[in-house]
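A.B. asks: Okay, sequence plus prediction incoming.
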Amino acid sequence: AAAYNPAGTLLVAADPGTTLSQSTGTGGVTLFDTATWEPVRSLVGHGTRTFATAYSPDGTLIATGDFAGTAILWESDSGEQVATLDTGSALTTHIEFHADDSELLTVNVAGLVKAWSTTGTLLAEFVHSAVSTDAAYLPDDRIAVAVDDPGHGLYIWTDPNADPAGPLAHPQGACAVETS
């Protein structure tokens with residue numbers, strides 16, 4: 001996984017490992033200067049292969065997630081760790097920052113989506129019984145979760161304590177959610 005900073009001048013890239021099912025790896029994350037493609041710094045802290053990366057909309061934070069269910073928030077200028085997040089003991093498939101930089105979502109393959117403050121405080125959990133692959137904040141702050149399970153597709157949460165709306169069924173399930 002890789003993500004550009006808002007200015008497009010840096011790219012954060014996760015250690016690709018060798019296969020999707022590989023749980024071992026360096027856990028390495030590298031920032032590259034996009035003008036020269038030279039490494040700027042390495043972010044060291046994951047014990048297993050990293051799989052998800054994201055930049056905050058203002059570019060001050062980077063979030064990375066790994067195979068073991070750990071996400072780390074990093075200060076983008078220094079590379080210092082801000083917080084370690086327990087996303088659940090399963091592969092972190094996606095990380096998404098809110099447009100106002102106040103919080104982020106982590107998604108794990110076991111169907112657990114968590115909302116966090118950018119200081120690392122758990123705000124809410126959204127639980128589903130199928131494989132969750134992606135999540136996004138909708139413009140009205142509801143949370144959309146893609147479920148890769150035939151006959152399901154997309155669920156919409158307004159409240160973590162309530163059942164979600166959905167599924168917006170698709171015969172093959174859904175792998176991604178995009179908003180603009």
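C.D. replies: Good, I have the coordinates.

A.B. asks: Straight-line length of stretch 145-159, end to end?
C.D. replies: By C-alpha to C-alpha, to the nearest Å, the extent of stretch 145-159 from end to end equals 13 Å.

A.B. asks: Tell me which residues touch S102, please.
C.D. replies: For S102, the residues meeting the contact criterion (C-beta atoms under 8 Å, 6 or more residues apart in numbering) are S117, T118. Quick note: C-beta positions are derived from backbone N, CA and C, even for glycine.

A.B. asks: what number of residues lie near the residue lying closest to G28 once chain neighbours are set aside?
C.D. replies: For G28, the nearest residue in space outside its immediate sequence neighbours is D15; the separation is 4.0 Å by C-beta to C-beta, 6 or more residues apart in numbering. Using other C-beta atoms under 10 Å, D15 has 20 other residues around it.

A.B. asks: D15 and L43 touch, don't they?
C.D. replies: No: with contacts counted by C-beta atoms under 8 Å, D15 stays clear of L43, the gap being 10.4 Å.

A.B. asks: Please report phi then psi for the residue nearest the centre of the chain.
C.D. replies: A centroid search over the chain (C-alpha atoms, centre = their mean) returns I95, at 1.3 Å, as the residue closest to the centre. Backbone torsions for I95, taken as degrees, to the nearest 10, come to phi -130, psi 140.

A.B. asks: returning to that earlier point: what spatial separation is found between the residue nearest to G28 and D58?
C.D. replies: Relative to D58, D15 is positioned 26 Å away (criterion: C-beta to C-beta, to the nearest Å).

A.B. asks: Now for V82: which residues touch it?
C.D. replies: V82 makes contacts with L61, L73, W74, E75, T118, T119, G120, as judged by C-beta under 8 Å, 6+ apart.

A.B. asks: overlap in contacts of D15 and L43?
C.D. replies: Common neighbours of D15 and L43 (criterion: C-beta under 8 Å, 6+ apart): G28, V29.

A.B. asks: shaky segments in the chain?
C.D. replies: Counting by pLDDT under 70, the chain has low-confidence residues at 16-27, 146-153, 166-180.
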